[in-house]
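>>> can you look at this prediction? I've put the sequence above it.
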Amino acid sequence: MPPSTSSPNALKKLRIGELERRILDIANELGEFTLSELCERLEQQGAVSKGSVKHAVSRLVEKGLLERVERGVFRCTGDRFTTSTE
């Protein structure tokens, strides 16, 4: 469950991994995206398994950084975050 905040623009401090950071960078560029689109972009940066991408996206949804728009379609939540890599 994502950390709760008192206002929509509150900064949240979360730890994210390198793959999660790359996913968030791509998500910010694309807006809404499918897992296939995300995997295609990540493959351009280097080999990543689809299973790893799906798992990382699920973690980002749990952390409140991404939201599921519909089945297989995601986007950033729009909240502001302070992140640090693991």
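Yep, that arrived. Values in this document were obtained by computation on a predicted structure and should not be read as measured data.
>>> use CA for all of it now, contacts and neighbours both
Fine.
>>> which residues touch residue 77?
Listed by C-alpha atoms under 8 Å, 6 or more residues apart in numbering, the contact set of residue 77 reads 64, 65, 66, 67.
>>> could you do residue 50 as well?
Per C-alpha under 8 Å, 6+ apart, neighbours of residue 50: residue 39.
>>> need the pLDDT of it.
On the pLDDT scale, residue 50 is placed at 92.
>>> distance of it relative to residue 42?
Residue 50 sits 10 Å away from residue 42, going by C-alpha to C-alpha, to the nearest Å.
>>> what of residue 33?
Counting by C-alpha to C-alpha, the gap from residue 33 to residue 42 is 13 Å.
>>> ok, how many other residues are close to residue 52?
Here the number of neighbours of residue 52 (other C-alpha atoms under 10 Å) works out to 12.
>>> distance of it relative to residue 73?
17 Å.
>>> go on, residue 55?
Taken as C-alpha to C-alpha, the span from residue 55 to residue 73 is 15 Å.
>>> what segments of this protein are strands?
Counting by DSSP state E, residue ranges of the strands within the chain are 12-16, 33-34, 66-70, 73-76, 81-85.
>>> going by mean pLDDT, which of those comes out lowest?
strand 81-85 (a mean of 50).
>>> and the gap between the residue nearest to residue 19 when sequence neighbours are not counted and residue 48?
Distances taken as C-alpha to C-alpha, 6 or more residues apart in numbering place residue 56 nearest to residue 19, at 7.1 Å, with adjacent residues excluded. Using C-alpha to C-alpha, residue 56 is found at 11 Å from residue 48.
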